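Chemist: What follows is a predicted protein model with its sequence.
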Amino acid sequence: QVQLVESGGGLVQTGGSLRLSCAASERTFSNYAMGWFRQAPGKEREFVAAISWSGGRTVNAISVKGRFTISRDNAKNTVYLQMNSLKPEDTAVYYCAATQVPLSRSGRPSEYDYWGQGTQVTVSS
């Protein structure tokens, strides 16, 4: 069982930046690809970004490309999401998740085995 705890959310103005962190409980963290998803009120959970177990490959949603960067530090059992040039439409609860499927399948929430509790990101206009 992998436990995931997100942190770093908050309120920021349009154009600002935030860095989300997701700490994993397991030393087997490096066996998992990791993803970030978000969910706004009344909307479905949306893929944001994913990173391979080694950190060597990443994939981003088109809506965040060039603004968000996913990274990981396996020595610290932590994955990060650096969010720059934030927009009001980025407002959502952000979740990290762990999966053992290939990165090519990392865009679907159903492919993930473990989820964090989420952290709120609010971007004011």
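Modeler: Happy to help now that I have it.
Chemist: what's the residue nearest to the spatial centre of the chain in contact with, if anything?
Modeler: The central residue of the chain, meaning the one whose C-alpha is nearest the mean C-alpha position (Cα atoms, centre = their mean), is Trp36 at 2.2 Å. Applying Cβ atoms under 8 Å, 6 or more residues apart in numbering to Trp36 gives the contacts Leu20, Cys22, Val48, Ala49, Ala50, Ile70, Val79, Leu81, Tyr94, Tyr95, Cys96, Ala97. (Glycine included, C-beta is placed from N, CA and C.)
Chemist: so what's it bridging to?
Modeler: The residues paired with Trp36 through beta bridges, assigned by DSSP bridges, are Ala49, Cys96.
Chemist: and the contacts of Trp36 as JSON lines, adding pLDDT?
Modeler: Formatted as JSON lines, the entries for the contacts of Trp36 read as follows, by pLDDT from 0 to 100:
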{"residue": "Leu20", "pLDDT": "98"}
{"residue": "Cys22", "pLDDT": "97"}
{"residue": "Val48", "pLDDT": "98"}
{"residue": "Ala49", "pLDDT": "98"}
{"residue": "Ala50", "pLDDT": "97"}
{"residue": "Ile70", "pLDDT": "98"}
{"residue": "Val79", "pLDDT": "97"}
{"residue": "Leu81", "pLDDT": "98"}
{"residue": "Tyr94", "pLDDT": "98"}
{"residue": "Tyr95", "pLDDT": "98"}
{"residue": "Cys96", "pLDDT": "98"}
{"residue": "Ala97", "pLDDT": "97"}
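Chemist: Would you mark the buried spots in stretch 71-86?
Modeler: Counting neighbours by 16 or more other Cβ atoms under 10 Å, one finds that the buried residues in stretch 71-86 are Arg72, Asn74, Asn77, Thr78, Val79, Tyr80, Leu81, Met83, Leu86.
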